[in-house]
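*Asks:* Need the 3D shape of this:
(chains A and B)
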Amino acid sequence: MPLLQCKNLTVGYDTHAVVSDLNFEVCRGDYLCIIGENGAGKSTLLRTLLHLQPPLGGQIQYGDGLRARQIGYLPQQTAAQKDFPATVYEVVLSGCLGGIGHRFFFGKAERRRVEDMLARLDITHLCDRCFRELSGGQQQRVLLARALCTEGKLLLLDEPTAGLDPMATQNFYDIIEKLNADGRAVIMITHDMKAAVRYASHILHIGGKQLFFGRTADYLNTARGRAFTAANGGQDDV
Amino acid sequence: MFDQLSLYLAQPFVQYALIAGVLIALCAALLGVTLVLRRYSFIGDSLSHVAFCAMTVASVLHLLTDFALILPVTMLASVLLLGKGRRAKIKGDAALAMLSVGSLAVGYLIINRFSSSANISADVCGTLFGTTSILTLKPYDVWICVGMSILCILVFVFLYNRIFAVTFDETFAAATGTRVSLIQIGLALIIAAVISLSTHLVGSLLTSALIIFPALSVMRVFKSFRAVVVASAVVSVLCAAGGILASILLSTPVGSTIVAADILVFFGFCLAGRLVRGNT
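*Replies:* Numbers count the residues shown, from 1 in each chain, chains lettered A, B, ... in the order given. Model prediction:
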């Protein structure tokens, strides 16, 4: 059973549909890249998958033990976070909030989980550092650790390498590849076609409607796939 | 000087002023941290002007408890501005500025045209700058302050983790199942309550200063959210107590003296922050 399955899903705001009739699924161990031009509806789709806004039509089904609030989400950074006084530990701990239900405070289990994730992403030494003083790549690792605290079966990454230098970008992709190899499913929104072609097992290309969904190799055999890759490939995220 | 101080401290009106001032400063500082970090620094100012406007209407209508009008009006404005979080930001700073200046002007217009008081400019000065009002508190006012701050502290302690999550990253908090709008509306209501109480007792100038200065000061030095919350409460309490005592000894206006103390502390923290960063 897939972790996430969308049937005839239409997303948009109020009554205005941005993308309609999406049919795709994500199974354990899949690495799905969602691609498309700016304004194609990638962010709207993502907000809908996270239940931040209701779908205009169709269904989103979760399975394989995954619940809607357990998606490990790595959002784009907000301007307010640039000068936010918070330690790495505090930021990562906030990822456990979904798991404590109606309790007010974190317990030992949550603290241990945070230490696990810090160790796994190799940032234990940054634990007491201030989030705003870290480099872009370190900040993304911290936010990824926070995302892993939710449950971690499905990671949803929103242009995770935007604004990172090439070195940090490569490190980040390596981490995601490792997490994916451990059996986590990954959904990544990206403009970086080189990375999409290299890492993704599946591609979802959207632009008003579903233009393609399937295996990456099959995508590269379509005329649209070749054209889009050629137009966006060879360039890093702009 | 100490004789003079102990003489004053024996007076009930000085004790009331100290208790109420310190408690209001404490609540304002706690709430100020989330407001400043969510980029809503100016909302304290706007809301205190809304409270000022409601206060003038209440005084013209000769309401027995003007608080019955000020509180709901300020709460309504607060929920409209803050309750929707990031999405409400579309309204932008222009709307905030209009609300702030507009309610100030309308408030003054009302007090000027309809007030039966003999000394209008003293009234305006009092409501805006809290010239004397904090020194004329009744035990009843002090008890309201005590209740308000207990509520405020309890909310902050029990919802601390959720307040942090919502302040740091609203979208992530919502995606992981935190009921963001509930927390935002709850905070907006408490902010409105503290602001209307504070405007009522100490004037609107002091209210907006008490909200932003402590948080902005300690953010220069402290690097964790917990430290910022605790330190801004401590700094705010010390500034308020120091300011009230200084104003009594030097016979300066209470509100502006407290704000002056806050400004001095702000520059102190700026300097300290620079030294700390210089050393590392």
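*Asks:* Just say helix, strand or coil for residue A:104.
*Replies:* coil (DSSP: H, G, I helix; E, B strand; the rest coil).
*Asks:* Burial check on it, number of neighbours?
*Replies:* Residue A:104 has 11 neighbours, counted by other Cβ atoms under 10 Å in any protein chain shown. Backbone N, C-alpha and C define where each C-beta goes, glycine included.
*Asks:* pLDDT score assigned to it?
*Replies:* pLDDT, residue A:104: 87.
*Asks:* ok, and the closest non-adjacent residue to it?
*Replies:* Once flanking residues are discounted, residue A:104 sits nearest to residue B:158: 4.7 Å by Cβ to Cβ, 6 or more residues apart in numbering or on different chains.
*Asks:* Give me the contacts around the helix or strand hosting residue A:90.
*Replies:* Residue A:90 belongs to helix A:88-93 when assigned by DSSP states H and E. Here helix A:88-93 makes contact (Cβ atoms under 8 Å, 6 or more residues apart in numbering or on different chains) with A:106, A:110-111, A:114, A:117-118, A:123, A:126-131, A:134, A:142-143, A:145-146, A:149, B:161, B:164, B:168, B:224-226.
*Asks:* go again using 6 Å as the cut-off
*Replies:* A:114, A:126, A:127, A:129, A:131, A:142, A:145, A:146, B:225 (Cβ atoms under 6 Å, 6 or more residues apart in numbering or on different chains).
*Asks:* helix/strand/coil for residue 152?
*Replies:* Since no chain was named, I'll use chain A. coil.
*Asks:* wait, I meant chain B there
*Replies:* Under three-state DSSP, residue B:152 comes out as helix.
*Asks:* The residue nearest to residue A:104: neighbouring residues, count only.
*Replies:* 12.
*Asks:* now swap in the one 3 residues further on and tell me
*Replies:* One way to gauge burial is a neighbour count; for residue B:161, by other Cβ under 10 Å, it gives 20.
*Asks:* what does the model give it for pLDDT?
*Replies:* Note for residue B:161: predicted pLDDT of 93.
*Asks:* Please tell me how far it sits from residue B:227.
*Replies:* Distance from residue B:161 to residue B:227, counting by Cβ to Cβ, to the nearest Å: 16 Å.
*Asks:* a markdown table please, covering the contacts of helix A:88-93 and showing distance to residue A:25 and neighbour count.
*Replies:* Shown next, in a markdown table, are these (distance: Cβ to Cβ, whole Å; neighbours: other Cβ atoms under 10 Å in any protein chain shown):
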| residue | distance to residue A:25 | neighbour count |
| --- | --- | --- |
| A:114 | 31 | 25 |
| A:126 | 36 | 22 |
| A:127 | 38 | 15 |
| A:129 | 40 | 17 |
| A:131 | 35 | 26 |
| A:142 | 31 | 26 |
| A:145 | 27 | 28 |
| A:146 | 26 | 28 |
| B:225 | 39 | 25 |
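*Asks:* wait, which of those is closest to residue B:17?
*Replies:* Distance to residue B:17 across the contacts of helix A:88-93 (Cβ to Cβ) is lowest for residue B:225, with 31.7 Å.
*Asks:* And that closest one, how far from chain A?
*Replies:* Going from residue B:225 to chain A by Cβ to the nearest Cβ, to the nearest Å gives 5 Å.
*Asks:* Is it correct that residue B:114 is in contact with residue B:59?
*Replies:* No - look at residue B:114 against residue B:59 with Cβ atoms under 6 Å: they stay out of range, at 8.9 Å.
*Asks:* So for the two, which sits in the more crowded spot?
*Replies:* With neighbours defined as other Cβ under 10 Å, residue B:114 and residue B:59 compare such that residue B:59 has more, 19 against 12.
*Asks:* Please name the nearest non-neighbouring residue to that one.
*Replies:* residue B:66 (6.1 Å).
*Asks:* Test my guess that residue A:189 contacts residue A:42.
*Replies:* Yes - counting by Cβ under 6 Å, residue A:189 does reach residue A:42; the two are 4.9 Å apart.
*Asks:* near chain B, which residues of chain A show up?
*Replies:* By Cβ under 6 Å from any Cβ of the partner chain, the residues of chain A that approach chain B are A:50, A:52, A:69, A:73, A:75, A:80, A:85-87, A:90, A:94, A:97-98, A:104, A:130, A:150.
*Asks:* Just give me the closest of these to residue B:43.
*Replies:* residue A:80 (14.4 Å).
*Asks:* Provide the secondary structure category for the closest one.
*Replies:* helix.
*Asks:* now the residue lying closest to it once chain neighbours are set aside, what's its secondary structure?
*Replies:* Nearest residue to residue A:80, sequence neighbours excluded (Cβ to Cβ, 6+ apart): residue B:39, at 5.7 Å. The three-state label given to residue B:39 by three-state DSSP is coil.
*Asks:* ok, residue B:39 - how many residues close by?
*Replies:* By other Cβ under 10 Å, the burial measure for residue B:39, its neighbour count, is 14.
*Asks:* wait, what's in contact with residue B:209?
*Replies:* Counted by Cβ under 6 Å, 6+ apart, residue B:209 has contacts B:259, B:262.
*Asks:* Give the buried residues for stretch B:221-231.
*Replies:* Residues of stretch B:221-231 classed as buried: B:221, B:222, B:223, B:224, B:225, B:227, B:228, B:229, B:230, B:231 (neighbour count, 16 or more other Cβ atoms under 10 Å in any protein chain shown).
*Asks:* ok, now stretch A:151-165?
*Replies:* A:151-162, A:164.
*Asks:* re earlier: from the contacts of helix A:88-93, which single one is nearest residue B:189?
*Replies:* residue B:225 (22.2 Å).
*Asks:* mind listing the strands for chain A?
*Replies:* Secondary structure of chain A (DSSP state E): strands at A:4-13, A:16-26, A:31-35, A:57-62, A:72-74, A:154-158, A:185-189, A:202-207, A:209-215.
*Asks:* Around chain A, pick out the residues from chain B.
*Replies:* B:39, B:158, B:164-165, B:171-172, B:174-178, B:219, B:222-225, B:228.
*Asks:* Narrow those to those in helices?
*Replies:* Those of the residues of chain B next to chain A mapping onto helices are B:158, B:164, B:165, B:171, B:172, B:174, B:175, B:219, B:225, B:228, per DSSP state H.
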